[in-house]
Each structure stands twice: as C-alpha cells, then as structure tokens.
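# Give me a model of this one.
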Amino acid sequence: MFRVSSKALVLAVMAAPLWAADLPFEEPVFPDVDAAQVELGQLLFYDPILSGSKTVSCATCHHPKFATGDGVSLGLGDGAKGLGPDRVADPKNLPEQRIPRNAPPLFNLGATEFTVFFHDGRLEEDARRPSGIRTPLGTEMEMGFASALSAQSMFPVLSADEMAGHYSENEVSQAVRQGLITGPGGAWDLLAQRIEAIPEYRARFDDVIGDAPIHFTDISDAVAVFLDFEWRGVASPFDLYLRNGTDTEPAAMRGMDLFYGKAQCADCHTGRFQTDHDFHAIAMPQIGPGKAARFESHAQDTGRMRVTGDAQDAYAFRTPPLRNVAQTAPYGHSGAYASLEAVVRHHLDPVASLRSYDIGQAIMPGFDADDMRVLNDPAEVERIAAANDLAPVNLNDAEVDDILAFLHALTDPQSIRGALGIPATVPSGLPVDQ
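From the prediction side, this is the model:
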C-alpha cells in the first residue's frame, strides 16, 4: 500500500509561500487540511469501489496523465475500458451515451474563492439553504458536507453515464433510477456501506472520525480534502511574477499585456486564477448528446438556463479558471476544441467560429454516436449564435502567439505532477488506473 509520511504531509501543507504585500490580485486562500484525511481521500479518489459496477473511479475521468482531465472532448464512463483517447466502449456493456460535458480540470478547487461548481453552476454555496449548499437535489440534499467542493465531488457517482451504470446492473444504479439518493438505502448510503465493510477503510476512518458509522459525507469530505491538497497550482511563471516581479519570456510578457488589455480576456478571466466565477454565452459549438433528461429527445445544452430557468442565461457557461490551461485540452463545455490556439481564436469571433466549426477539431473516443445533431440543426445553431455576448476582437497572428505564450506561463509543473501521486493499490483490491 502506498503511504506518505503524515509528518511530511503536514510539513508540506504548512509550507506556505511568502507572498508580496502589494500583489495586483488577492492571495489565494486554502483551508488547513488533515494528513490522515488527505491520504484517505487519495485512496478513495483512485478506487473504483465508488462506482455502481466497481469499474470506474474518480480518476478515470480526472487522471494525472491528462492534467486531471481525460484528454478527450466528451468522455466515456461506465461501460468503457481504457484511459483518455484510448478509452473505448465495452461491447459487452455498451454505454448509453457519451458523458454530455467535458471533464473539467481540478486545480485549485480547494481555494476559498471557488464556491460554484460544474459548467452550469448547478451546485454552489448558498447560506439560505439548510445544508448551506444549493444542489439539484433541492430540499432533499443531505446535511453535513464540509464544503461545496465536498458535495460536488460526489454527484458523479449518481450519474448513469459517469459512475452509477445501467439501471439493471447494480444496486446503486437501481437506487438512482428510482430516485433513492439520500437517507437509508439510498445510493449514497449503499456506497457508504461498501466502504464501511472494507477493514482498511474502516481503520483509516477511525483516524479521521473516530468509531462513528461512516456516512457518505465523510467519504466526500475526504475526497474533497485530497483534491484541495493534491492539485494546488500557485507556482507558475505568472505566480512568480506576481510574487516577486520575476519577468518571464518576452512573448509571455507581451501576451500578458494583451490579455489584460487590448484582447479583453480579463473581462471574464479575471482574478488570481483567471475566472470571474460567472456565466457567459460565447457561441461555443455544441457536440455530443447535449444535456437532456432521459425522457427528453433533444441534444441541446442550454447551460446556465437549465439551472435558473431564465432565458437570458441560455447557452451561458461558467468561466473556467486558466491555471495549467495549456495542459488541459480539449476546451469548452463540450470539449469542441482540441488545441489551445483554436479555442483562443474562437474567442476572437465566436459566431463566425461556430458557423464554420469542423468536428475534426474535437477528440472523441471510440463510440458509435451521432455527435452532430445540434450542428446539423440550423435553427439551433442560430439560437446559440444569437445568445452570444462576446464582441469580436481583432488580433493579428503575432498577437495570438503572444497570448498563447502567456497562457503557457500559467503552467505550474509541480501541480500537474500532484503532491502524492497515484497509489499502487487501493483497499478494495480493485484495479487502479495507472
């Protein structure tokens, strides 16, 4: 079993950088973490035991090999084999569809400024709710999650396409399809019982929560603490520039001036991690199955509007943070663009880019699906175009190259490697995606 010294882990956590007092952006703030809980979360993150059929872990779609993503536009969860672009559908257990949205990277999600999650923001901190979190479960939401990050980390286990599986193949997927999520006998409780029954997990939880029965929030809290600790990206050349004025290469410095000036990137990509945590419609091409309930037959993804019901939010998606962005392709809520240059150029004239889009710019793992339903529907394409609120920007090729150089300067190699890495084994004994 891979273990890290608890003493070393605590020392690493406490080794905060000495930030300059006059930074143009606020310092990132991360919570304190417990070493035993971090180690426990690491094992849970890589353990397929949290999926309905015990074949998919969190790491399957958020793997260090792919900078905490999966390297494809729209992934395959339950019913597939392999990692990244090599992942293909299992002919003996075919997926029902692709995962509808691109797997977002996991860097810096433990920073206190991150209070809104998922491409459409359907989960966020909300002090008006009894649980302190607004989620798709509404008033049925479980109490006791330590943070919104903890709550969001456990919604993929409820998704048939991601981790829960087909209706007939396991007790977790059956509970989900019957609407039994929370409470005794619900999907989360069934998964907690699995963990409780594994002696090593029980022993590790003893170090974190004592001898109390394992509740699902204990599992999600451990995963969230691991996510926070493992992928903190605060040592890129850009961070070093902010910390002590260290210039990076000239092209990146020119690109930074463009990013925060003429190119207007910072109108949305603002703050320490280049996100305003808000939602914007930028005519991103829609590919794949869209975001629809099982009883719906369309392939639309109207983004934020599915959460708010407000037509003004149609086709708006959350501004992604940009730390390590050069390593986290493909880009966009649907992963429409496989290259960083392509998605930058999309921002220069979103409507024109939408209308000329070629799905050859995406990376789609092996699965027989109609991924062009929306793009072959002129009326829907026009609705996406009409919602765009990003004005065209005129940049020449040299300026685009400079912006790309700046975006590469947001790469923090240590955070991409991760703090603890991939465990060789996990307590369930199930295979670990290496």
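
# Give me the pLDDT value at the residue nearest the centre of the chain.
The centroid of the chain falls nearest to P104 when counting by C-alpha atoms, centre = their mean (3.0 Å). P104 carries a pLDDT score of 97 in this model.

# Quickly find the element holding it.
Using DSSP states H and E, P104 maps to neither a helix nor a strand.

# what mean pLDDT does the helix ranked longest in the chain have?
Counting residues, the longest helix in the chain under DSSP state H turns out to be helix 216-230. Averaged across helix 216-230, pLDDT comes to 97.

# And that helix, how far out from the chain middle?
Centre-to-centre, helix 216-230 and its host chain are 14 Å apart (C-alpha atoms, centre = their mean, to the nearest Å).

# Against which helices or strands is it packed?
In terms of contacts (3 or more C-beta pairs under 8 Å, 6 or more residues apart in numbering; DSSP states H and E), helix 216-230 is packed against helix 35-46, helix 148-153, helix 187-196, helix 199-209. For the C-beta atoms, the positions are set from N, CA and C on the backbone; glycine is no exception.

# any low-confidence regions in the protein?
Across the chain, the ranges flagged by pLDDT under 70 are 1-24.

# sorry, back to before: specify the next element, helix or strand, located C-terminal of the longest helix of the chain.
Counting by DSSP H and E, the next helix or strand C-terminal to helix 216-230 is helix 237-244.

# which other helices and strands contact that following helix?
Helices and strands touching helix 237-244, by 3+ C-beta pairs under 8 Å, 6+ apart, are helix 250-259.

# List the buried residues in the helix it packs on.
Residues of helix 250-259 classed as buried by neighbour count (16 or more other C-beta atoms under 10 Å): A251, A252, M253, R254, G255, M256, L258, F259.

# any chance of those residues in JSON lines, with distance to A160 too?
What follows is those, written out as JSON lines (distance: C-beta to C-beta, whole Å):
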{"residue": "A251", "distance to A160": "46"}
{"residue": "A252", "distance to A160": "43"}
{"residue": "M253", "distance to A160": "48"}
{"residue": "R254", "distance to A160": "47"}
{"residue": "G255", "distance to A160": "42"}
{"residue": "M256", "distance to A160": "43"}
{"residue": "L258", "distance to A160": "43"}
{"residue": "F259", "distance to A160": "40"}
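
# re the thing from before, what's the longest helix of the chain in contact with?
By C-beta atoms under 8 Å, 6 or more residues apart in numbering, the residues outside helix 216-230 that reach it are 13, 30-31, 33-34, 37-38, 40-42, 44-45, 50, 58, 106, 109-110, 142-147, 149-151, 153-154, 188-189, 191-192, 195, 205, 208-209, 418-420.

# cool, stretch 194-209 as well?
With contacts defined as C-beta under 8 Å, 6+ apart, stretch 194-209 is touched by 1, 34, 36-37, 39-40, 43-44, 49-50, 213-214, 218-219, 222, 427-428.
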